[in-house]
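Asker: Any chance you could fold what I've pasted below:
(chains A and B)
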2 protein chains.
Amino acid sequence: MPEYKAPLRDMRFLLDEVFDFPARYAALGASDATPDMVGAILEEGAKFCEQVLAPLNRSGDEEECRFDNGVVTTPKGFKEAFAQYAEGGWMGLSADAAYGGQGLPHSLGLILSEMVASSNQSWAMYPGLTHGAMSAIHAHGSEEQKQTYLTRMTEGRWTGTMCLTEPHCGTDLGIIKTRAVPRADGSYAISGTKIFISAGEHDMSENIVHLVLAKLPDAPAGTKGISLFIVPKFLPNADGGVGERNALSCGSIEHKMGIKASATCVMNFDEATGFLIGEPNKGLNCMFTMMNHARLGTGMQGLCLGEASYQGAVRYANDRLQMRALTGPKAPDKPADPIIVHPDVRRMLLTMKAFNEGNRALAYFTAQLLDVAHLSEDAAEREEAENLLAFLTPICKAFMTDTGLEATNLGMQVFGGHGYIREWGMEQLVRDCRIAPIYEGTNGIQALDLLGRKVLGSQGKLLRGFTKLIHKFCEAQAEHPQLKAQVAELAALNKEWGELTLKIGQAAMKNPDEVGAASVDYLMYAGYVTLAYFWLRMAVVARQKLDAGEGEAAFYQAKLATCDFYFKRLLPRTASHRAAVEAGSECLMRLEAEHFML
Amino acid sequence: MPEYKAPLRDMRFLLDEVFDFPARYAALGASDATPDMVGAILEEGAKFCEQVLAPLNRSGDEEECRFDNGVVTTPKGFKEAFAQYAEGGWMGLSADAAYGGQGLPHSLGLILSEMVASSNQSWAMYPGLTHGAMSAIHAHGSEEQKQTYLTRMTEGRWTGTMCLTEPHCGTDLGIIKTRAVPRADGSYAISGTKIFISAGEHDMSENIVHLVLAKLPDAPAGTKGISLFIVPKFLPNADGGVGERNALSCGSIEHKMGIKASATCVMNFDEATGFLIGEPNKGLNCMFTMMNHARLGTGMQGLCLGEASYQGAVRYANDRLQMRALTGPKAPDKPADPIIVHPDVRRMLLTMKAFNEGNRALAYFTAQLLDVAHLSEDAAEREEAENLLAFLTPICKAFMTDTGLEATNLGMQVFGGHGYIREWGMEQLVRDCRIAPIYEGTNGIQALDLLGRKVLGSQGKLLRGFTKLIHKFCEAQAEHPQLKAQVAELAALNKEWGELTLKIGQAAMKNPDEVGAASVDYLMYAGYVTLAYFWLRMAVVARQKLDAGEGEAAFYQAKLATCDFYFKRLLPRTASHRAAVEAGSECLMRLEAEHFML
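Answerer: Take a look at the predicted model:
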């Protein structure tokens, strides 16, 4: 397994030097999140991830979760690691102080989660799903529900799940079959089968709090007839402790390509007792309120696994001796040169580096928007942040997971044949990453969300909210002595982005299929331009620091070199995505369904 | 597991309608390969693959090979399937009749192997490696060696391996450590450790014939000091039967990402008896003579697994109901529309289809060149075929496996969450495919072979040999009533290809790193242009058939639709590969090795 070292230097670069988190935290009244506190959290978090979670990653993959008659056993060490995590207060880091949390900003929780998932993606699923359930209860639960569930989840004594998918539907939640029948006591009898329930059953907590989407007997058809219920594994006692076992059970766990130590459960509800959360028939809205957060978190998995893979690949490329450099021996005292001398190995490493660091910038910027949306007292500022967040979320989810998958595949390729062997751990990162473009809304669905709902649905307003930022940045840096050529390139792409959108919008008025035909290539196009913006923002800061003679010159030089690589070798991919977008829907729709297999 | 149906219609389209195999076979004197014979072989081969091999694919992946104290047990059914394969004479299909084979052309063997690998890639490794070893013995072995080994391998009683890689070297065979010490009786004592030996030990045959690269005591350093030896598991008796056990053993088998039912062995040779094959110190040359064949076969794995994935994805996309079409319900009587109505699902399916059918055309064309190189009695024709073969082989190997991997990933994505679950079989295809860009020379090495050795090494001669074909085709079809726009596009790219090559060649004269910096993107660029040529050749034939009212119109219409899709949505990727090539080496080489991890 590649050893994981939390990239604290790069994290601090973004937090302190590029996005000025300290000033933002202060302005938002997050007075506990002082630079010292943030520093201590990152250091301690890194230590826990590197020393406790990372060593369980390979063994967890080999051992997998075990299922026996409704009982799920997680791999060795998982339970103890979770106890230690809870003990350390990590579960409540960004949870509401009113329910026992530390009340730190959400962005900090996301940054911590980066280190967790880079170390051990399977393990990260258990606290990850719990965070999701906590957000929903926090946003929509009654005070009593919060006191009962939230406090215990914050402590890490209880964990949570999200039960949405059913055998016949995942994307299309309007057709779920799980039923909720009201009882005289105000509770509901929940019956149905949910699949793909991460952390649905396991041995890490006293109780599991399922958030279940179901339909009331008289509910309207489709997505407007879905309600959300709390359905705990054990019903709470009068004192809130663990009481009677509820009528739900885990029927089996899935055998998957990756994240094998994450229990993916079939959950059967057989007139289980559930409690309505939020209003009837508004369940999907409740879900949507936390979707940005969850989707950003999923997007970060691409970054996390890409980072883990990069660290392994760089070490291997420096150690492995194979062939001589094309320009003559670089390590003449050795039987061959380390493979990092070869241009194509560097191409692979730099591609990973450029995606990882660019994606990290995108993710942290977006996490900061989450904070503003949650904490700002200025309604206009909140609205602006929410709009940007709505726009960037599908890009984070899809672009970061697709490029993360590319990065993990490249990391594996650097290892040659050894990359295919399980003990090296590089192929596990590919397998663990492969789910990220699928779950939490497939990347195809993200693309429709971006282009259809966000961009065209707002008549371009949400797009302009972001391209305006790019435009202002480009104006401000237009005369930058070293970077003006790249600034001009970004400005041109930013303009082209608007024009391309207009073209699709016009075509879509005549034919709605144009949206679906363009969407995925449009999202990738958007992602490459977005990353170019963040790369240039980083480059401008790096250049300033170098000119001022501050800090470690090599770090800033590496940033500039990677930015240059990104513009020269990755950004040109916009051209092929643009061409694919412009190709329109006809070439997709013309073949009859039954003629695909002739 | 997706059910596999051999795509016989598409195979016949290429064989009979596009490339006119019957005429070629006749011209090459392969008089046994009559259209009737070919038809019967395809039908029977398809039956065997669909009914015997495909059902063992999922179970083989779950069961894996077992290792116990030097003994390797293959999954249930593997041994019996191999016996049936041998019994059916498949092992000797294109083997020399002088040693018991049927003497049919190599192209036919490759086409059969497509069905084998599409059904069960792991199983395909056992006969696949045997074929490789047979080629080497046939080309370089003594008459006695051929009589002893080749006859039994042709019968399928003995199998073969290729032992090249060692723990410290894979690509860089010049630094192997395995030693061969001459003995008084003319044999050699072989000592060393070889890794990643596919089919190195198993229970499917009486004997295993290892072809081992090793160094003689006084051998020159580097690749010019490598010799090739036959090192059988059991030494042949005086009558050629299985005799004494040789001093070699399997130390362990690897735990891999995929092709889990293929035994990947660590082989220890401890003064094992070996027999020189070919001349001393010419071992790598012996290997090179069969490299084109082996690399084409590896390239085809991308096609094979892409095809299997496509078949699964098309069926699922027709069955799975989810959401309504953007243009309104298409199956109003059902709770939702089949997902094949969605443009983005079609984009994924058509991408797979365009790669698979395009790659199949490329592979069959190249297989035909193999026949000419082997069988033609006209030296000029042979040389032309050999040159084209040398040029196209790295493209086949790398482009077909990279695009095959993309195809299998898309097929999995079509399944959404179910794609990640092992029982559906879609993720296995991704895992099984993932080795193909790595082994038999990584795709990075293929790219260096193409650009450095073949294109620049021949001063562009090998490139011109192929672009001339494209040029002639474009001239002939310049006025094609329906396809002239695409013909013009191909002609322009063909011209650009030459110009791009010239630029790299000039840059490389100043700096050899320019070759390595450009190579992978150059190969992908070459692949997309090459596939455009084959797509247009297919389209021209399809158009002719439609105009003539011959055959099934829907089949030809589908060809034209897929060609259109390829030109509009995939061929534009040349633009980003070209830009990456033109970016040059500076942005790759500038970062110090120790600054990759700051």
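
Asker: going forward, measure contacts and count neighbours with C-alpha atoms only.
Answerer: Noted.

Asker: Which residue ranges make up the domains of chain A?
Answerer: With domains defined by automatic domain parsing, chain A comprises A:287-446, A:452-589.

Asker: Show the end-to-end separation of the first one, please.
Answerer: Read it as domain A:287-446. 16 Å (Cα to Cα, to the nearest Å).

Asker: I'd like the average pLDDT over it.
Answerer: Averaged across domain A:287-446, the pLDDT comes to 97.

Asker: Kindly report the same for stretch A:117-136.
Answerer: 97.

Asker: How many neighbouring residues does the closest residue in space to A:Gly222 that isn't next to it in sequence have?
Answerer: Using Cα to Cα, 6 or more residues apart in numbering or on different chains and skipping the chain neighbours, the partner closest in space to A:Gly222 is A:Gly174 (3.9 Å). If you count neighbours by other Cα atoms under 10 Å in any protein chain shown, A:Gly174 ends up with 21.

Asker: before we move on, what about A:Asn356?
Answerer: Other residues close to A:Asn356 by other Cα under 10 Å number 25.

Asker: Name the helix or strand for it, please.
Answerer: According to DSSP states H and E, A:Asn356 maps onto helix A:343-375.

Asker: Name the residues of that helix that are buried.
Answerer: A:343-373, A:375 (16 or more other Cα atoms under 10 Å in any protein chain shown).

Asker: Just to check, the residue nearest to A:Gly222 is in contact with A:Ala219?
Answerer: No. Using Cα atoms under 8 Å as the test, A:Gly174 is too far from A:Ala219 to be in contact (11.1 Å).

Asker: joint contacts of those two?
Answerer: Residues within reach of A:Gly174 and of A:Ala219 at once, by Cα atoms under 8 Å, 6 or more residues apart in numbering or on different chains, are A:225-226.

Asker: Return the residues in contact with the residue of the stretch 51-200 of chain A found nearest chain B.
Answerer: Closest contact between the stretch 51-200 of chain A and chain B, by Cα to the nearest Cα, is at A:Asp172 (5.5 Å). Contacts for A:Asp172 (Cα under 8 Å, 6+ apart) come out as B:322-323.

Asker: Can you report phi and psi for the residue of the stretch 351-500 of chain A found nearest chain B?
Answerer: In the stretch 351-500 of chain A, no residue comes nearer to chain B than A:Ile421, which is 4.5 Å away by Cα to the nearest Cα. Taking degrees, to the nearest 10, you get phi -90, psi 130 for the backbone angles of A:Ile421.

Asker: Measure how buried it is and give me the count.
Answerer: With other Cα under 10 Å as criterion, A:Ile421 counts 22.

Asker: That one pairs with what?
Answerer: Listed beta-bridge partners, A:Ile421: B:Lys256 (assigned using DSSP bridges).

Asker: so who does it touch?
Answerer: A:427, B:254-257.

Asker: So what's the residue count around whichever residue of the stretch 1-150 of chain A sits closest to chain B?
Answerer: Taking Cα to the nearest Cα, chain B has its nearest neighbour within the stretch 1-150 of chain A at A:Arg9, 7.5 Å off. By other Cα under 10 Å, the residues close to A:Arg9 number 11.

Asker: so it, which of the three states?
Answerer: Secondary structure state of A:Arg9, per DSSP: H, G, I helix; E, B strand; the rest coil, is helix.

Asker: tell me the mean pLDDT for stretch A:575-595?
Answerer: On average, stretch A:575-595 scores 97.

Asker: close to chain B, is that stretch?
Answerer: Yes. Counting by Cα under 8 Å from any Cα of the partner chain, chain B is contacted by stretch A:575-595 at A:575-577, A:579-580, A:583, A:585, A:587-591, A:593, A:595.

Asker: buried residues in the longest strand anywhere in chain A?
Answerer: If you go by DSSP state E, chain A has its longest strand at strand A:264-277. Using 16+ other Cα under 10 Å as the test for burial, strand A:264-277 gives A:264-269, A:271-277.

Asker: All the helices of the stretch 101-250 of chain A, residue numbers only.
Answerer: Assigned by DSSP state H, counting those that start in this stretch, the helices in the stretch 101-250 of chain A fall at A:106-119, A:121-140, A:143-145, A:151-155.

Asker: touching chain B at all, the longest one?
Answerer: No. Legend: contact between helix A:121-140 and chain B by Cα under 8 Å from any Cα is lacking; minimum distance shown is 14.3 Å.

Asker: ok, and what's touching that helix?
Answerer: Against helix A:121-140 from outside (Cα under 8 Å, 6+ apart): A:53, A:57, A:60, A:78, A:91, A:113, A:116-117, A:145-146, A:149-150, A:153, A:159-162, A:198-199, A:209-211, A:259-262, A:277-278, A:286-287, A:289-290, A:294, A:301, A:305, A:432.

Asker: Just the buried residues of those.
Answerer: A:53, A:57, A:60, A:78, A:91, A:113, A:116-117, A:145-146, A:149-150, A:153, A:159-162, A:198-199, A:209-211, A:259-262, A:277-278, A:286-287, A:290, A:294, A:301, A:305, A:432.

Asker: Among these, which lie within strands?
Answerer: A:159-162, A:198, A:209-211, A:277.

Asker: Looking at the residues you listed, which two lie furthest apart in space?
Answerer: A:Ser198 and A:Ile277 (20.5 Å; Cα to Cα).

Asker: what comes up buried for stretch A:487-499?
Answerer: A:487-488, A:490-491, A:493-494, A:497.

Asker: Name the residues that touch it?
Answerer: Contacts for stretch A:487-499 (Cα under 8 Å, 6+ apart): A:467, A:470-471, A:474, A:477-478, A:526, A:529, A:532-533, A:536.

Asker: Ok, stretch A:329-341 next?
Answerer: Outside stretch A:329-341, the residues that reach it (Cα under 8 Å, 6+ apart) are A:314, A:317-325, A:345-346, B:175, B:593.

Asker: Out of those, which sit inside helices?
Answerer: A:314, A:317-319, A:345-346 (DSSP state H).

Asker: just these that are near chain B?
Answerer: Among the ones in helices among the contacts of stretch A:329-341, chain B is touched by A:314, A:318, A:346 when using Cα under 8 Å from any Cα.

Asker: so A:Asp371 sits right up against A:His106, yeah?
Answerer: Yes. The pair A:Asp371 / A:His106 is scored as a contact, 6.0 Å apart, by Cα under 8 Å.

Asker: check contacts around A:Glu201.
Answerer: A:71-72, A:208, A:250, A:263, A:265.

Asker: Rebuild those residues as TSV, extending it with distance to chain B and pLDDT.
Answerer: Formatted as TSV, the contacts of A:Glu201 follow (distance: Cα to the nearest Cα, whole Å; pLDDT from 0 to 100):
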residue	distance to chain B	pLDDT
A:Val71	20	98
A:Val72	18	98
A:Ile208	23	98
A:Cys250	17	98
A:Ala263	12	98
A:Cys265	12	98
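
Asker: coming back round to it: type out the ChimeraX command that picks the buried ones from the residues of stretch A:575-595 next to chain B.
Answerer: Of those, the buried ones go into a single ChimeraX selection, burial set by 16+ other Cα under 10 Å:
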select /A:575,576,577,579,580,583,585,587,588,589,591
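
Asker: Greatest separation within the residues of stretch A:575-595 next to chain B: which pair is it?
Answerer: Farthest pair in those, by Cα to Cα: A:Ala575 and A:His595, 30.9 Å.

Asker: sorry, back to before: minimum distance to B:Val515: which of the domains of chain A has it?
Answerer: Here domain A:287-446 is closest among the domains of chain A (Cα to Cα), at 8.5 Å.

Asker: How far does the closest one sit from its chain's centre?
Answerer: Its chain's C-alpha centre lies 11 Å from the corresponding centre of domain A:287-446 when counted by Cα atoms, centre = their mean, to the nearest Å.

Asker: Could you list the contact residues of the stretch 451-598 of chain A toward chain B?
Answerer: Checking the stretch 451-598 of chain A against chain B by Cα under 8 Å from any Cα, the hits are A:511-513, A:516-517, A:519-520, A:554-555, A:558, A:561-562, A:564-565, A:568-570, A:572-577, A:579-580, A:583, A:585, A:587-591, A:593, A:595-598.
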